[in-house]
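Student: sharing a sequence plus its predicted fold:
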Amino acid sequence: MTEQDILDAGYKEYSKTPFDHEGIEKNYQKCISDKNGKRYFIDIHKWKDMRHPYTGEIIEGGYEFTSQMNHFIFDKPMDINLFSGWTIEEAERTIESIWETQFKYYERYDK
């Protein structure tokens, strides 16, 4: 996966935040919506190569997909983290299938 793949898939780069781990190199976000409203957001975090603090081994950076959704019945948030190894298509398909089970819109247009 490349930065261009991410941009071509509709993600927008955004600046690092004070809450980001120092190992995060770049952030991207995409809003998933339909005619009824904003369903949820997916963030992609690009991680730098890092040195393991105990073994000194170099851990290759990668891409992490995250999303936060509110449960429809309990109205409580849930974080989803998909670590390195996922393609954009796999991550989007997986997060969508989770949202369809019991999660509500981030923001509805009719309210």
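Tutor: Everything's here; your move.
Student: how about the closest residue to residue 85 other than its chain neighbours, what does it touch?
Tutor: Nearest non-adjacent residue to residue 85, counting by Cβ to Cβ, 6 or more residues apart in numbering: residue 62, 7.3 Å away. Placement of C-beta: from N, CA and C, glycine included. The contact partners of residue 62, by Cβ atoms under 8 Å, 6 or more residues apart in numbering, come to 46, 47, 83, 84, 85.
Student: find the nearest non-adjacent residue to residue 29, please.
Tutor: residue 43 (5.0 Å).
Student: need the contact list for that neighbour.
Tutor: Residue 43 neighbours (Cβ under 8 Å, 6+ apart): 27, 28, 29, 65, 66, 67.
Student: report the beta-bridge partners for the second one.
Tutor: Same thing as residue 28. residue 13, residue 44 (DSSP bridges).
Student: poorly predicted segments of this structure, please.
Tutor: Judged by pLDDT under 70, the chain has its weakly predicted residues at 111.
Student: what segments of it are strands?
Tutor: 12-14, 24-34, 37-47, 50-51, 58-59, 63-70, 77-82, 107-108 (DSSP state E).
Student: save these as TSV, and put in distance to residue 91 too.
Tutor: Listed next are those as TSV, based on distance: least, Cβ to Cβ, whole Å:
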stretch	distance to residue 91
strand 12-14	16
strand 24-34	10
strand 37-47	7
strand 50-51	22
strand 58-59	20
strand 63-70	4
strand 77-82	5
strand 107-108	22
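Student: what's the closest of those strands to residue 95?
Tutor: Each of the strands of the chain has some distance to residue 95 by Cβ to Cβ; the shortest is strand 63-70, at 5.0 Å.
Student: name the surrounding residues that touch that closest one.
Tutor: For strand 63-70, using Cβ under 8 Å, 6+ apart, the contacting residues are 1, 40-47, 76-84, 86, 91, 95, 98-99, 103-104, 106.
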